[in-house]
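Asker: Need a 3D model of the following:
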Amino acid sequence: MYNVLYVDDDPHLLEIARFFLEDFGDFTVTTSTLASEALSLPGFASYDAIIADYEMPRMDGITFLKKVREHHGDIPFILFTGKGREEVVIEAINNGADFYLQKGGDPEAQFAELAHKIKKAVERKRADSALLESERRYRNLYQYALVGLFENSLKDARIVACNQQYCDLFGFSSVEDAIGSNVIPLYENPDDREVVTRILHEQGYLDGYEVRFINQKTGRKFWARFSARINRDKDIAEGTIIDITERKRLETDLREKHEELQESYKNLTSAKKELRRQFNQLAESERTLRINEERLVMAQSVGKTGSWEYDPRTNKIWGSAEGLHIFGYPPVAGDFPIEDIEACIPEQERVHQALVDLITNGQEYNLEYSINPADGSALKIIHSIARLEKDPDNNLLRVIGVIQDITERKRAEEEIISKNVILSTQQETTLDAILIVDERGKILNYNQNFIKIWGIPEELLISRLDEPVLQFVVGQLADPEAFLSRVRYLYEHTGEKSFEELLLKDGRVFERFSSPMLGETGKYYGRVWYFRDITGRKRAEEKNWEAREILEGILNSIQVRVFWKDLTLTYLGCNIPFARDAGFEKPEDIIGRDDYAMGWREQAELYRSDDSSVIESGIPKILIEEPQKTPSGDIITLLTSKVPLRDAEGNVIGVLGTYIDITERKQKAENLKECE
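Answerer: Predicted coordinates:
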């Protein structure tokens, strides 16, 4: 539905227009007989389009147009008037009118044409607004991504684009500081750069590659994992990067601890055999060995970390070297008052109550809690498990437990959860329909847009079987065999990506993009299919070409000469009358030339001076008289207007000019003066 405001001082014509437009079924029409009153209507900015007469009391249509552009931006504006003068058309176009339509003729045909121009102007504005919003969302997503994003030149190894996360990793103060910097000094080993470049050129992408870098500001060396692909159109590598230094350190620590425990286990096994041979003489030693064995088994069962014992008779806790180290004490096994240990625990009451419940009720003791280590180091997350040890008479001897520092694991889990939430949110908020299948073609996941654009019944997707879904999709295609052939090819060539347009039987057009899911070692895990309905965009492109052809037809049919130049005063285009004045057959022949290449080269400096003044000041020059030498050698007089040519953001990008030949008019005026 299009909400339209129509302003004309003829009430009868307003009613006729309302009748015809609303009869089409797509319009609601608000009318006003005065432009000055129309500007005060409530919700003025909400109108989809404005139609206005030229000659009206108090305020004419051009003045009304200027007020609309000044206060309400780019609301589509159509000048619908009985005036047919060329200067009205030029002034309307110069002040931002979307269309100019002359009254007269068959009312039904005339208002059908008016309805067509309203729809075209409104849809063009909506398409422009959607494009601007899409660009804004992309910039925000790029800038605030949780990983480093970059684009590097393959030619000279310099940074072309990046986000703030990338700058933070490598020590750049800002994105502007990073742009243009050479990436080779960022590698700890420059040879790694050569390896990365070779792999990228050989296979076109690099997935999950791990290498050492240097922070240029702090000198810190760190491990990073990054993925990239070559954009051959731009001759750049673009990708993502994330710091994995802590993960690498943890892997090394765990490996070393495992080796230490393996060696300890061997030593303890040897000691166990020796102690068993001396069992009768060393009963107490056997008990110690049993305790040590149990400590070892429990420590191994929960990650081979620290162990502890609580003696209710002394109210003290014994801690292993690693256990005390976790709590921020010197790494020497020994006894501590329970109060000293619990003082490190913010949730002291909950943790202590769990110990009481274990001792008094035999309740399970399996906790996660945070600690503030005694040495003032950063907060840690602890996982602790404990059980009771009793004598043969079921009397409590002690509580035996193990602890594990799971800080990094918890952070990793939270990061994974966060990434999954982001991925799920992106999947459901993206404009694309997404289908994910495994290496056998079984459906793993899909979003609501996939169901929506294909109209797939929910029961087909619940089974996760690809064949019924594939058949449902194929049944909607204009060329199903081509689609199936491409699907079979991609299942056979698992490493390839694919992009096509699909035509449906109902006239819709979809974009389809397919990409393999590959692991770090290149293992194939399945394929992601993206679909997007581009029917509107395709139609908009067709309408844009139609509008361009109409505009070219208008420009070439009027006798006013029209031209436009860039900031270097080089011609970008013109209409046919202007090209012929310049001595050329077609407007294309003038593109890329300047005034020195025209028949009026003697006036080139004058014209370029005016052009530069308009560009630099941003102020139009209207109806100025200028001489011009024609290709035949005659000097004629022009009445010229020049205005700044601006882009969508209002920046001056050139100059737009028009002129008419007033030589004959001027000669008549001079002859009249002589007669007087």
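Asker: domains for the chain, by residue range?
Answerer: With domains defined by automatic domain parsing, the chain comprises 2-141, 144-243, 430-534, 559-673.
Asker: All the helices of the stretch 201-350 of the chain, residue numbers only.
Answerer: Secondary structure of the stretch 201-350 of the chain (DSSP state H, counting those that start in this stretch): helices at 245-277, 283-301, 321-326, 338-342, 348-361.
Asker: Would you mind listing the buried residues in the third one?
Answerer: By that I understand helix 321-326. Judged by neighbour count (16 or more other C-beta atoms under 10 Å), helix 321-326 contains these buried residues: 322-326. C-betas here are computed from N, CA, C, even on glycine.
Asker: which one among those gets closest to residue 393?
Answerer: Ranked by distance to residue 393 (C-beta to C-beta), those are led by residue 323 at 29.4 Å.
Asker: mind listing what the closest one touches?
Answerer: 305-308, 402-403 (C-beta atoms under 8 Å, 6 or more residues apart in numbering).
Asker: What distance do you get for it to residue 121?
Answerer: Separation of residue 323 from residue 121 (C-beta to C-beta, to the nearest Å) stands at 75 Å.
Asker: Check residue 589 too.
Answerer: As defined by C-beta to C-beta, residue 589 lies at a distance of 32 Å from residue 121.
Asker: Give me the more crowded residue out of those two.
Answerer: The neighbour comparison of residue 589 against residue 121 (other C-beta atoms under 10 Å) goes to residue 121, with 23 against 14.
Asker: separation between the closest residue to that one other than its chain neighbours and residue 212?
Answerer: Spatial nearest neighbour of residue 121, chain neighbours left out: residue 76 (3.5 Å); criterion: C-beta to C-beta, 6 or more residues apart in numbering. Taking C-beta to C-beta as the measure, residue 76 falls 58 Å from residue 212.
Asker: okay, these two: which has more neighbours?
Answerer: Legend: neighbour count by other C-beta under 10 Å for residue 76 and residue 212, higher for residue 76 (26 against 14).
Asker: per-residue confidence at that one?
Answerer: According to the prediction, residue 76 has pLDDT 94.
Asker: Which residues does stretch 214-225 contact?
Answerer: 169-173, 185-188, 208-213, 241-245, 247-248.
Asker: Kindly recompute the last result at 7 Å.
Answerer: With C-beta atoms under 7 Å, 6 or more residues apart in numbering as the test, stretch 214-225 has contacts from 169-171, 185-186, 188, 208, 210-213, 241-245, 248.
Asker: from those, which ones fall inside strands?
Answerer: In strands, judged by DSSP state E, the following of those are found: 208, 210-213, 241-243.
Asker: Leaving aside the residues adjacent along the chain, what's closest to residue 101?
Answerer: Using C-beta to C-beta, 6+ apart and skipping residues adjacent in sequence, the residue nearest residue 101 is residue 80, 5.0 Å away.
Asker: My assumption is that the one you found lies in a strand; please confirm.
Answerer: Yes: counting by DSSP: H, G, I helix; E, B strand; the rest coil, residue 80 falls inside a strand.
Asker: For it, list the residues it contacts.
Answerer: Residue 80 neighbours (C-beta under 7 Å, 6+ apart): 51-53, 101, 103, 114.
Asker: what about 8 Å?
Answerer: Shown in contact with residue 80 (C-beta under 8 Å, 6+ apart): 6, 8, 51-53, 101, 103, 114.
Asker: circling back: from the contacts of stretch 214-225, list just the buried residues.
Answerer: Listed as buried from these are 169-171, 186, 211, 213, 241-244, 248; burial here means 16+ other C-beta under 10 Å.
Asker: Just the buried residues of the helix or strand where residue 467 lies, please?
Answerer: Take DSSP states H and E as the rule and residue 467 turns out to sit in helix 466-474. Residues 466, 469-470, 473 are the ones in helix 466-474 that count as buried (16+ other C-beta under 10 Å).
Asker: Include pLDDT and distance to residue 358 when you put those residues into TSV, please.
Answerer: Below are the buried residues of helix 466-474 laid out as TSV (pLDDT from 0 to 100; distance: C-beta to C-beta, whole Å):
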residue	pLDDT	distance to residue 358
466	76	52
469	86	53
470	85	57
473	90	58
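Asker: Out of those, the closest to residue 411 would be?
Answerer: residue 466 (37.0 Å).
Asker: The closest one against residue 444, yeah?
Answerer: No: Residue 466 is beyond contact range of residue 444, at 10.2 Å (criterion: C-beta atoms under 8 Å).
Asker: which residues do the two both contact?
Answerer: Counting by C-beta under 8 Å, 6+ apart, the shared contacts of residue 466 and residue 444 are residue 437.
Asker: all helices of the stretch 501-650 of the chain, in order?
Answerer: All helices of the stretch 501-650 of the chain, identified by DSSP H, counting those that start in this stretch, fall at 535-557, 576-581, 604-617.
Asker: Which among these is found nearest to residue 431?
Answerer: That would be, of the helices of the stretch 501-650 of the chain and by C-beta to C-beta, helix 535-557, which comes in at 11.1 Å.
Asker: Spit out the contact partners of residue 56.
Answerer: Counting by C-beta under 8 Å, 6+ apart, residue 56 touches 7-9, 33-35, 64.
Asker: and the gap between it and residue 9?
Answerer: Distance, residue 56 to residue 9, using C-beta to C-beta: 5 Å.
Asker: sorry, back to before: of the contacts of residue 56, buried ones?
Answerer: Neighbour counting over those (16+ other C-beta under 10 Å) leaves 7-8, 34-35, 64 as the buried ones.
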